[in-house]
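> have a look; sequence and predicted model below, questions after that.
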Amino acid sequence: MQYETIRLSLRGGVAVLKLNRPEVMNALNSQMRAEILHALREAHDEARVLVITGQGRAFCSGQDLGDGATAADLDLERTLRDEYEPLLKAIYDCPIPTIAAVNGAAAGAGASLALACDVVIATESAVFTQAFARIGLIPDAGSTYWLPRQVGFAKAMGAALFAEPITASQAEDWGMIWEAVPDDDFATHWAGRAAKLAAGPTAAYRAIKKALRASFANDLQAQLELEAQLQGDCGKTRDFREGVLAFLEKRPAHFEGR
């Protein structure tokens, strides 16, 4: 499929989905949301890791308020239910590891898009802003779900109420993102991270995602049972046999992702 608002490339098991509306800081319109959703489905059929990043100086500035209607005419509930919900679930449920390579400002739904990924790597000059209250709205696109889990209630509430920019270094300190990287090293660094995951044990990564996410709802007994089940599944994979053999032979493992 030919895309107009994004770019999708696949190399070495790494799919890179680049938001490509730099003239509006990669603001999300209906077409972009539809194209991202289609690209996600295309990517995880062939890739072993997915990276989402932005073209130009921003990662994503959030909802495009000029997308076909005045702000007063926007049906925000319909947009969230019909367009954002399928997109965010597709990222969250993606069977391969997902990385948000945040190359610049991530605001509003753009910050939510990043936080939906498994790992967020940001350039040190990037900022994250829950900008919704500035225009009389609440954080949406999943931010009220992810933020409290990642940074705790107090910081999530402050970020939502004050709508102030959070630097990448702050976000790293708070546990909102995995790491902040010097700007000059950013592209090389996230590419290396992606390559490492692409060469890793894909089945184990799927199980890790499932186990960690379930832990918020499970009590200890349920979590121990889930761990045992998932570990049993992992123990039957070729990757596990290869990992043990490589350890015994003192060589790097060559995982097949099964």
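In hand now; what should we look at?
> tell me the spacing between residue 158 and residue 37.
Residue 158 is 32 Å from residue 37, where distance means CB to CB, to the nearest Å. Any C-beta I mention is one placed from the backbone N, CA and C, and that applies to glycine too.
> quick one: which of those two has more around it?
residue 37 (17 against 14; other CB atoms under 10 Å).
> wait, what's in contact with that one?
For residue 37, the contact set (CB atoms under 8 Å, 6 or more residues apart in numbering) comprises 86, 87, 90.
> and those as TSV, adding neighbour count, pLDDT and distance to residue 215?
Below are the contacts of residue 37 laid out as TSV (neighbours: other CB atoms under 10 Å; pLDDT from 0 to 100; distance: CB to CB, whole Å):
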residue	neighbour count	pLDDT	distance to residue 215
86	13	96	25
87	21	96	25
90	18	95	22
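> so which of those sit within strands?
Using DSSP state E, no member of the contacts of residue 37 falls in strands.
> tell me the confidence at the residue lying closest to residue 86 once chain neighbours are set aside?
Counting by CB to CB, 6 or more residues apart in numbering, the nearest residue to residue 86 once its immediate chain neighbours are dropped is residue 37, at 6.0 Å. pLDDT recorded at residue 37 is 95.
> next one: residue 67
69.
> now the strands: where do they sit in the protein?
Going by DSSP E, the chain shows strands at 6-11, 14-19, 49-54, 58-60, 98-102, 105-107, 119-123, 127-129, 166-167, 179-181.
> in its sheet, what does the fourth one sit against?
Paired with strand 58-60 in the same sheet, following DSSP bridges, are strand 105-107 (parallel).
> can you show me the helices along the stretch 51-200 of the chain?
For the stretch 51-200 of the chain, the helices defined by DSSP state H, counting those that start in this stretch cover 76-79, 85-92, 109-115, 143-151, 153-162, 168-174, 186-198.
> mind putting these into JSON lines with distance to residue 102?
Converted to JSON lines, those look like this (distance: least, CB to CB, whole Å):
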{"stretch": "helix 76-79", "distance to residue 102": "23"}
{"stretch": "helix 85-92", "distance to residue 102": "14"}
{"stretch": "helix 109-115", "distance to residue 102": "5"}
{"stretch": "helix 143-151", "distance to residue 102": "14"}
{"stretch": "helix 153-162", "distance to residue 102": "16"}
{"stretch": "helix 168-174", "distance to residue 102": "7"}
{"stretch": "helix 186-198", "distance to residue 102": "9"}
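> next, find the distance separating residue 36 from residue 15.
12 Å.
> how many neighbouring residues does residue 47 have?
25.
> show me what contacts the residue nearest to it when sequence neighbours are not counted?
Residue nearest to residue 47 in three dimensions, not counting chain neighbours: residue 15, with 3.6 Å by CB to CB, 6+ apart. Going by CB under 8 Å, 6+ apart, residue 15 touches 8, 9, 43, 44, 46, 47, 49, 50, 51.
> residue 230 now?
207, 210, 211.
> also residue 200?
Contacts of residue 200 (CB under 8 Å, 6+ apart): 48, 255.
> looking at the protein, which helix is longest?
Across the chain, the helix with the greatest residue count (assigned by DSSP state H) is helix 30-46.
> strand 14-19 and that one, what's the angle between them?
Angle, helix 30-46 to strand 14-19, by axes from the mean of the first three to the mean of the last three CA atoms, to 10 degrees: 180 degrees.
> how distant is helix 30-46 from the center of its chain?
Relative to the mean C-alpha coordinate of its chain, helix 30-46 is positioned 14 Å out (CA atoms, centre = their mean, to the nearest Å).
> save the contacts of residue 15 as a markdown table, and put in distance to residue 122 and pLDDT too.
Formatted as a markdown table, the contacts of residue 15 follow (distance: CB to CB, whole Å; pLDDT from 0 to 100):
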| residue | distance to residue 122 | pLDDT |
| --- | --- | --- |
| 8 | 22 | 96 |
| 9 | 21 | 95 |
| 43 | 21 | 86 |
| 44 | 23 | 79 |
| 46 | 27 | 84 |
| 47 | 22 | 93 |
| 49 | 17 | 96 |
| 50 | 17 | 97 |
| 51 | 13 | 98 |
